[in-house]
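In: Make a model of this:
(chains A and B)
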Amino acid sequence: MTVSREQAPSKHRLDVARIRKDFPILSRKVNGVPLVYLDNAATSQKPRSVIQSLVDYYEGYNSNVHRGVHTLSMEATNAMEEARAKVAAFVNAESPDCIIWTRNTTEAINVVAKGWAMQHVKAGDEIVTTGMEHHSNLVPWQQVARERGAKLRFLPVAADGSLDLSEVDSIISARTRLLTVVQMSNSLGTINPVKELAARARAVGATVLVDGAQSVPHMPVDVQDIDCDFLAFSGHKMLGPTGIGALYARHEVLEQMEPMLVGGEMVLEVTYEDATWNDLPMRFEAGTPNIADAIGLGAAIDYLQALGMDQIRGHEIELTRYALDAFKELEEVDVYGPPDPQARGGVVPFHSASVHAHDVGTVLDRRGVAVRTGHHCTMPLMRTLGVAATARASFYIYNTVEEVDVLVDAMKEALRYFSDGAR
Amino acid sequence: MSIYDLDDLYQDVVLDHSRRPRNFRKVEDADRTQEAYNPLCGDQLKLYVVFDGDVISDIAFEGTGCAISKASASMMTESVKGKSIEKAQEIFESFRAMITMDEDVDIDRDELGDLGILEGVSAYPTRIKCATLSWHAMHAALADDEGTVSTEAS
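Out: Residues are numbered from 1 along each chain as shown, chains lettered A, B, ... in the order given. Sure thing, here's the model as predicted:
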């Protein structure tokens, strides 16, 4: 990418050189060489503005929220509620009251499983999901199905890594109580047609949850356009701090839910014998919330919106196309997921029968390249693919085609190193 | 820079064992079988042990794994085959102490022999579990522990 530093940010292309300067960690070295951070699907790096927002809070107005009339408490409450409004606007929620703070996507999904599904899923109902879910959007539903006497059904994964929708009309049926589906696969990169699936689920009266852990950080996501009841996502994959995530829930569905945790902050009136629940969304946020990191997530959203989600998506499509083409040169390497960069996120899983993913990971680390290796918390999918482990490169706003070159060169060296008789 | 500073980890003997693992086969009618599992990478291993009285008369393994885990399993079977259960457990202790740099254990270098080649793994903390998976399986099989061995348990 040839963008001069003086150039104003283009409407259509990210100024990656300038972006990289905002991320202090990108200037560090690993094993004596520059860091090439390609593990963004696991967690993203943080810009200075996000780090500074945490420092500003702790140094300037640290205090508890929603109680006390003193100035600091008011400032902290305002900042946290401002961040909630930013999150709501970011996914086009109808109101900030529809955003519940959680620790991460996993907790957001568990809030739905415990607070909604345990009340509303009945014996004989079916929960429909897909064959490419992260464990976080599978294990809670196994538990709900077991306890409620419901049945789990799966939309299978086709050979190209997309969903096989040939049987969708029989899988999503009048028995479906919940459709819960990942929008962008963390193992394959596949972008699923959540809007079309939600429409089918709605037509049979089912409730819809979208796992947005990978999609919300990387592409425009609009809950009203998708027409889902729930959207779960994490802050740390979208430039925000760890320990903060969010659940979007449609207002009337929230009203039908029971809080997963009870105690302080979530109550309106308490006597020695009984308690009434507080208004939304506080009803679902027992105890002191993660104030600092919620504010940090707000700062992350400011950063992303200044760049533009369409521009971010465009940048990642370019990197993915470049990487898919580069890997085609390596005959011994299989790359998984849809071949069309438009049909997938910036996630490129690869595997060679001659080098185990763990050994690939160690060789790449010596070249400064950080990739994830293993089963990516999708063990059933890996069994379907017939591999125990893959290596996965995943991109974000600060990655460059030059970094993809380093990755591919390092993979070539790994193949040479482990090929029989090379030494 | 070259990746050949990796040679401490992937020594020739290690690469040879990983490409042509010894005792890599199923044993019908084994006296004990033990499954072991590394949830971090999805590697699975099944170990077969045959006893002649107190002596390990045959030991073999099957499964998927990285170069380190396959080489370590292969070398483990070679080192304990023909040894008494007690001796094998002593070798296990020495090996575990070497890989995890446990200073409280007196490591018998002579007993470890070629296994000393795997000491390079101790410099790669993320790979230690790859090297010890088959060893924990062997340790559990000899102790006749129930259940699957996992690198994440205990």
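
In: Around chain A, pick out the residues from chain B.
Out: B:1, B:3, B:5-6, B:9-10, B:12, B:15, B:19, B:40-44, B:64-69, B:124, B:126-127, B:130 (CB under 8 Å from any CB of the partner chain). Every residue, glycine included, has its C-beta placed from N, CA and C.

In: Now for the closest residue to chain B within the stretch 101-250 of chain A: which residues touch it?
Out: Going by CB to the nearest CB, chain B is nearest to A:His135 of the stretch 101-250 of chain A, at 10.7 Å. Neighbouring residues of A:His135 by CB atoms under 8 Å, 6 or more residues apart in numbering or on different chains: A:Cys377, A:Thr378, A:Met379.

In: Buried ones only from those residues, please, as a PyMOL command.
Out: Of the contacts of A:His135, the buried ones go into a single PyMOL selection, burial set by 16 or more other CB atoms under 10 Å in any protein chain shown:
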select buried, chain A and resi 377+378+379
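
In: Lowest-scoring secondary structure element of chain B by mean pLDDT?
Out: One helix or strand of chain B scores below all others by mean pLDDT, DSSP states H and E: strand B:149-150, with a mean of 75.

In: helices or strands up against that strand?
Out: Judged by 3 or more CB pairs under 8 Å, 6 or more residues apart in numbering or on different chains; DSSP states H and E, strand B:149-150 is in contact with strand B:32-38, helix B:128-143.

In: Note down every partner strand of that strand and its orientation.
Out: strand B:32-38 (parallel) (DSSP bridges).

In: centre of the chain versus the partner strand, how much separation?
Out: Remark: strand B:32-38 is offset 12 Å from the chain centroid, using CA atoms, centre = their mean, to the nearest Å.

In: pretty sure A:Arg54 contacts A:Asn290?
Out: Not Arg; residue A:54 is Leu. No. A:Leu54 is beyond contact range of A:Asn290, at 11.0 Å (criterion: CB atoms under 8 Å).

In: The stretch 1-150 of chain A against chain B: which residues are in contact?
Out: Counting by CB under 8 Å from any CB, the stretch 1-150 of chain A sits next to chain B at A:Gly32, A:Val33.

In: What ranges does the stretch 301-423 of chain A have for its strands?
Out: A:333-335, A:347-352, A:369-370, A:372-374, A:390-394 (DSSP state E, counting those that start in this stretch).

In: what do you get for chain B?
Out: B:32-38, B:43-52, B:55-64, B:149-150 (DSSP state E).

In: Kindly reformat these as CSV containing mean neighbour count and distance to A:Gln183.
Out: Shown next, in CSV, are the strands of chain B (neighbours: other CB atoms under 10 Å in any protein chain shown; distance: least, CB to CB, whole Å):
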stretch, mean neighbour count, distance to A:Gln183
strand B:32-38, 21, 30
strand B:43-52, 20, 30
strand B:55-64, 19, 31
strand B:149-150, 20, 32
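
In: For whichever residue of chain B sits closest to chain A, the count of nearby residues, please.
Out: Across chain B, no residue is closer to chain A than B:Cys66, which sits at 3.7 Å (CB to the nearest CB). The tally of other residues near B:Cys66 (other CB atoms under 10 Å in any protein chain shown) stands at 27.

In: I'd like the distance between it and B:Leu133.
Out: Computed as CB to CB, to the nearest Å, the B:Cys66 to B:Leu133 distance reads 10 Å.

In: What does the pLDDT read for the residue nearest to B:Gly120 when sequence neighbours are not counted?
Out: Spatially, and ignoring its direct neighbours in sequence, B:Gly120 is nearest to B:Asp8 (4.1 Å; CB to CB, 6 or more residues apart in numbering or on different chains). Per-residue pLDDT puts B:Asp8 at 83.

In: can you check A:Gln305 too?
Out: For A:Gln305, the predicted pLDDT is 98.

In: ok, the residue nearest to it when sequence neighbours are not counted to chain B distance?
Out: Sequence neighbours aside, A:Phe90 is the residue nearest to A:Gln305 in space, at 7.1 Å (criterion: CB to CB, 6+ apart). Using CB to the nearest CB, to the nearest Å, A:Phe90 is found at 33 Å from chain B.

In: repeat for A:Ser44
Out: To chain B, A:Ser44 is 21 Å away according to CB to the nearest CB.

In: SS state for that residue?
Out: On the three-state scheme (DSSP: H, G, I helix; E, B strand; the rest coil), A:Ser44 is labelled coil.

In: And it, how far from A:Gly205?
Out: A:Ser44 is 37 Å from A:Gly205, by CB to CB.

In: These two - which one has more neighbours?
Out: Ranked by neighbour count (other CB under 10 Å), A:Ser44 and A:Gly205 place A:Ser44 first, with 25 against 9.

In: OK, contacts around that one?
Out: Counted by CB under 8 Å, 6+ apart, A:Ser44 has contacts A:Pro217, A:His236, A:Lys237, A:Met238, A:Leu239, A:Tyr396.

In: Nearest to A:Ile109 among those residues?
Out: Set against A:Ile109, the nearest of the contacts of A:Ser44 by CB to CB is A:Lys237 (14.7 Å).

In: quick revisit: could you tell me which of the residues of chain B next to chain A count as buried?
Out: Buried among those by 16+ other CB under 10 Å: B:3, B:6, B:9-10, B:15, B:19, B:40-44, B:65-69, B:124, B:127, B:130.

In: ok, and the helix or strand in chain A with the lowest average confidence?
Out: helix A:379-385 (a mean of 83).

In: How far off centre is it?
Out: On CA atoms, centre = their mean, the centre of helix A:379-385 falls 20 Å from that of its chain.

In: What residues of it count as buried?
Out: A:Met379, A:Leu381, A:Met382, A:Leu385.

In: Now it - C-alpha only, PDB.
Out: Extracted in PDB, the C-alpha atoms of helix A:379-385 (Å, rounded to 0.1, in the frame of the first residue of the first chain):
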ATOM      1  CA  MET A 379     -14.000 -28.800  17.700                       C
ATOM      2  CA  PRO A 380     -17.100 -30.300  16.000                       C
ATOM      3  CA  LEU A 381     -16.400 -28.300  12.900                       C
ATOM      4  CA  MET A 382     -12.700 -29.400  12.900                       C
ATOM      5  CA  ARG A 383     -13.900 -33.000  13.000                       C
ATOM      6  CA  THR A 384     -16.100 -32.200  10.000                       C
ATOM      7  CA  LEU A 385     -13.000 -30.800   8.200                       C
END
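
In: Who are the packing partners of it?
Out: Partner elements for helix A:379-385 (3+ CB pairs under 8 Å, 6+ apart): none found.

In: quick one on the thing from earlier: ok, and what's touching the least confident helix or strand of chain B?
Out: B:Gln34, B:Glu35, B:Ala36, B:Tyr37, B:Asn38, B:Pro39, B:Leu133, B:His136, B:Ala137, B:Ala140.

In: go on, stretch A:192-204?
Out: A:128, A:130, A:155, A:162-163, A:165, A:168-169, A:172-174, A:176, A:179, A:181-185, A:207-208, A:210, A:225-228.

In: If we use 7 Å, what do you get?
Out: A:163, A:168, A:172-174, A:176, A:179, A:181-183, A:208, A:210, A:225-228 (CB atoms under 7 Å, 6 or more residues apart in numbering or on different chains).
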